[in-house]
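*Asks:* Model the structure of this input:
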Amino acid sequence: MARPEHARRVKNYSAASGYVYQYYFLETQKSRRGIHSGTDYVYMVARDRADAFPLRVFVRRDAVRQWGKKLGREMTGTEEYAAAKMRLFQAFDEIEDLATTRPDLIVDDANLESLLSQLDL
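*Replies:* Below you'll find the model as predicted:
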């Protein structure tokens, strides 16, 4: 039996670039990028109400583990989702043509802490 479609909650983000993005969370997928394992957070994104396209944010498992060791507890799924979403917002603010470039958005050791610090985590 086919999976029923869900009503998606479309959200807006006014980027520093001046564009307004509409997006909604689509799904997560366990994946690998090269030698690194992690989770892809897939969002459907549209700029200024144009055609929507999928945009993936890859959260590296080793970065999540290292963050957990530093704090003495495991990262929750909600915190991992928050890091992915903050990376998405960063891309909205910094990358002019997301639809064409489809950049490789990654959360790793270099940016995880700064992404979560914006949320006081």
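*Asks:* how about low-confidence regions in this structure?
*Replies:* Filtered on pLDDT under 70, the chain yields the residue ranges 1-6, 121.
*Asks:* Which residue, neighbours along the chain excluded, lies closest to residue 59?
*Replies:* Using CB to CB, 6 or more residues apart in numbering and skipping the chain neighbours, the partner closest in space to residue 59 is residue 107 (4.4 Å). For the C-beta atoms, the positions are set from N, CA and C on the backbone; glycine is no exception.
*Asks:* Could you tell me the backbone phi and psi angles at that neighbour?
*Replies:* As for residue 107, its main-chain torsions (degrees, to the nearest 10) stand at phi -110, psi 120.
*Asks:* which residues touch it?
*Replies:* Shown in contact with residue 107 (CB atoms under 8 Å, 6 or more residues apart in numbering): 57-60, 63, 83-84, 87, 115.
*Asks:* now these: which count as buried?
*Replies:* When neighbours are counted using 16 or more other CB atoms under 10 Å, the contacts of residue 107 contain these buried positions: 57-60, 63, 83-84, 87, 115.
*Asks:* May I see the buried residues of the longest helix seen in the chain?
*Replies:* In the chain, with assignment by DSSP state H, the single longest helix is helix 77-94. By neighbour count on 16+ other CB under 10 Å, the buried set for helix 77-94 is 79-92.
*Asks:* what does it contact?
*Replies:* 13, 15-17, 19, 21, 23, 39, 41, 43, 55, 57, 59, 64, 98, 103, 105-107, 111-112, 115-116, 118-119, 121.
*Asks:* Now, of these, which are buried?
*Replies:* So, by 16+ other CB under 10 Å, the buried ones in these are 15, 19, 21, 23, 39, 41, 43, 55, 57, 59, 64, 98, 105-107, 112, 115-116, 121.
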